[in-house]
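Engineer: what follows is a predicted structure for the sequence shown.
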Amino acid sequence: MRKTFLTLIVVLFSIACVKAVEGMWLPSLIHKNIEEMQAMGLEITAEDLYSEDGASLKDAIVRFGRGCTGAFISGQGLLITNHHCGYGQIQRHSSVENDYLTEGFWASNADEELPNEGLTITLLVRMVDVTQRVLEATEPGMDELRFQEAVAKASRQIADEAKEEGLYEAQVNPFYFGNEYYLFVYKVYRDVRMVGAPPSSVGKFGGDTDNWMWPRHTGDFMLFRVYADDNNQPADYSPDNVPYQPEKFFPVSARTLEPHDFTMVYGFPGRTNRYLTSDAVQFIMEQENPMGIKLRTDILQIYDQHMASSDKVRIQYASKHAGVANAWKRWIGENRGLKRLNAIEVKKAYEQEFEQWIQENPSKGQAYEDLLSEFHNTYMIYNPLRYSFRLYFEAGRNVEVNRFAQQFMRLVSLSRQKDVAEDVLQAELEQVKDAARRFFKDYHAPIDQQVLSTLTRHFISLSQPGMLPPELEKVRKKYGMDTEKFAEDVFSRSMFVSEEKTMKLLDNYRPSHHRRIERDPAYRFAAGLFDFTITEVQTPMQEVQNKLDSLYRVYTAALKKMQPDENFFPDANGTLRISYGRVEGSFPRNGIQFLPFTTSEGILEKAAEPDVEDYTISERLSTLLKNQVFGEYASGEDLRVNFISSNHTTGGNSGSPVLDGQGNFIGINFDRSWESTMSDIMFDPEQCRNISVSSQYILWVIHKYAGMEYLLDEMEVAGLN
Ligand code: ARG
Ligand code: GLU
């Protein structure tokens, strides 16, 4: 009795104390965190989460395409991911007659599911610590380049062995900047069919207006089905394929969540920079982000102006606008968050602590004595190069015709070779033609001319002394800062801004025509910027980057010695991870509290705002929500739409399942709040919240909105009352 009472006290106490947890953990090492997770409400074991013999939750999770995550929610290969992850597929299947983007798409049986060429899903079979074997291939004191070559060679060898004659894909990834290495063995399925997508007014509700923000009301999910051959193995698309039977799938929860319920996010986060030194953080905050924000603010203004005056242009530039705006808004949030956390000072204080530790432990610290000053000196060389590199990406490559004209560089160089094989040239020509068709479908030259003028002006004035590309030097000599005139000249003379002229060139192309391309002002400009950036910026930058990598390798190893009890997590690198936390709100600003849940009330509230296109909803949605037809998916009187929880996530976690303490699917991750976007560099347990679609809303949309009951029949719906 006394004992249970004590346990209860301990449990209650720990639940009350445990804060949001920073970190994206390797599933095979999750036993190191399991006690804390269980104290927070996890009811299953480390082996349930990840196991190599026998099914575990990891078998229900996939990398979707290249940059997203997905999860199996039925034994028949039914897969859920974000609407914004499958957006390209919906778009490709859409036409004016069948506008699935606007109307949504629902296959009412297997025959109506739509195949997607090129789309793959990737399953992790196993992961193995191969640190020893990789590092055996290196020698102490090797210079960084030779070290990296040795690592690459050993990694390739290990991966090749694991592929088992093409049965698997395999890759060795470095962790902690090359202090540890893991082999990842994957199985890749290639027949993935579209099953269901809500209309954009549900799946993309709120659009760019609400992007990166709470409160949110987006039904950002859609459904696919993975197919396999008769033996459940990967196969190219074939009507004879059968639904893949995953070793594990998630029951979908219809239960109403409570604040403080345990949550975990299981998926493929892309990249974080947790260990950056103060010099790097300062550079990002004071140079890199402000430059990107400034340039993209101007681009968006140009887009907005043209999109407002033509429906055609609005549709053409919708996805480009979303792309430019997404990173722009994230950088703004990241900078605000880093300032608020005093990130540079915090990093400096940590570095001082490190210095002190070295002084107090001369024996351990020998190798580290000059580390921080070397970091500093290296960053003084690296940062200007990185700046020029980023400036090229922002001011050069955000001009559409620069990107397009640059795609002709290979055609030019092939054409100049005397002995180039006819079929090689022909194949390249076909590629370029394809690129041209795609380019002109959504190209509005007046926008791009204005973008060229604006960005070139910024490119010139923001270039550091000695780093102005020769192409820009020429512009400056000829036009001064009148880049408007420069853009006007380029656009009146270049063939690459006109579909007709470009196609005329390509349809009658002969190798000698490379001269026409090389004379073209847009081509000359784009190719010149590209060449300069590769030779004068990227190549030297890579060398300094190698040096930085080797410093970070020493640094992260040292930090582990300095704080032996700390469970450091390795930066995200596109490999499978688990984050955990719980359902909780936050206090983003003085006088404002974020509650953890939003409901359908909020959809109607936003839809009532006049003139916000992102908040337009269909008659049907409006009627159903107004009449509160929530059925078994209601939470009391309400229909929950989105929720926030304190899981450490980043880009790539889109489509990741959010799970409760029993491993049930309670939602799908799709975003972070604006106040959290600095978490790639510095996590704040008070502020960092990931945003998910509630599983109750997902079930409701499938069942009550779309009427696709047969899909519910194949799922295992948990906790229905
Ligand atoms: N901010 C989310 C993620 O990076 C969602 C992006 C898609 N949504 C949008 N409105 N652009 O990346
Ligand atoms: N929307 C992001 C993605 O596409 C996830 C949000 C984040 O960066 O946390 O992966």
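Structural biologist: Alright, I've got the coordinates. Ligands and ions are numbered 1, 2, ... in the order given.
Engineer: next secondary structure element downstream of the helix or strand of the chain with the lowest mean pLDDT?
Structural biologist: Ranked by mean pLDDT, DSSP states H and E, the weakest helix or strand in the chain is helix 2-17, scoring a mean of 51. Next helix or strand after helix 2-17 toward the C-terminus (DSSP states H and E): helix 34-40.
Engineer: which strands and helices sit next to that next one?
Structural biologist: Judged by 3 or more CB pairs under 8 Å, 6 or more residues apart in numbering; DSSP states H and E, helix 34-40 is in contact with helix 2-17, strand 262-267, strand 577-582. Where you see a C-beta, it was placed from the backbone N, CA and C, and this is true even at glycine.
Engineer: let's test this: mean pLDDT of it, rounded?
Structural biologist: Averaged across helix 34-40, pLDDT comes to 97.
Engineer: got the CA positions of that helix in PDB?
Structural biologist: Presented in PDB, the C-alpha positions along helix 34-40 are these (Å, rounded to 0.1, in the frame of the first residue of the first chain):
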ATOM      1  CA  ILE A  34      12.500   4.700 -22.600                       C
ATOM      2  CA  GLU A  35      12.300   5.400 -18.900                       C
ATOM      3  CA  GLU A  36      11.600   9.100 -19.400                       C
ATOM      4  CA  MET A  37       9.100   8.300 -22.200                       C
ATOM      5  CA  GLN A  38       7.300   5.900 -19.900                       C
ATOM      6  CA  ALA A  39       7.300   8.400 -17.100                       C
ATOM      7  CA  MET A  40       5.600  10.800 -19.600                       C
END
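Engineer: what parts of this structure come near ligand 1?
Structural biologist: Applying CB under 6 Å from any ligand atom, we find that the chain lies next to ligand 1 at 84, 207-208, 211-212, 322, 326, 651, 654, 671.
Engineer: compare those and tell me which has the most neighbours.
Structural biologist: Asp671 (30 neighbours; other CB atoms under 10 Å).
Engineer: who's in contact with the spatially closest residue to Ser635 that is not a sequence neighbour?
Structural biologist: Closest residue to Ser635 apart from its sequence neighbours, by CB to CB, 6 or more residues apart in numbering: Thr256 at 4.1 Å. Residues near Thr256 by CB atoms under 8 Å, 6 or more residues apart in numbering: 635-636, 640, 696.
Engineer: for Thr256, give me phi and psi.
Structural biologist: Here is the backbone geometry of Thr256 (degrees, to the nearest 10): phi -80, psi 120.
Engineer: gap between the strand or helix carrying Phe525 and the chain center?
Structural biologist: In this structure, Phe525 sits in helix 521-532 according to DSSP H and E. Between the centre of helix 521-532 and the centre of its chain there are 29 Å (CA atoms, centre = their mean, to the nearest Å).
Engineer: just the C-alpha atoms of that helix, please, in CSV.
Structural biologist: Taking C-alpha atoms only, helix 521-532 is exported to CSV below (Å, rounded to 0.1, in the frame of the first residue of the first chain):
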residue,chain,number,x,y,z
PRO,A,521,21.9,37.4,-73.5
ALA,A,522,19.9,35.4,-71.0
TYR,A,523,22.0,32.3,-71.6
ARG,A,524,25.3,34.3,-71.3
PHE,A,525,24.1,35.9,-68.1
ALA,A,526,22.9,32.6,-66.5
ALA,A,527,25.9,30.5,-67.6
GLY,A,528,28.3,33.2,-66.5
LEU,A,529,26.8,33.4,-63.0
PHE,A,530,26.8,29.6,-62.8
ASP,A,531,30.4,29.2,-63.8
PHE,A,532,31.6,31.9,-61.5
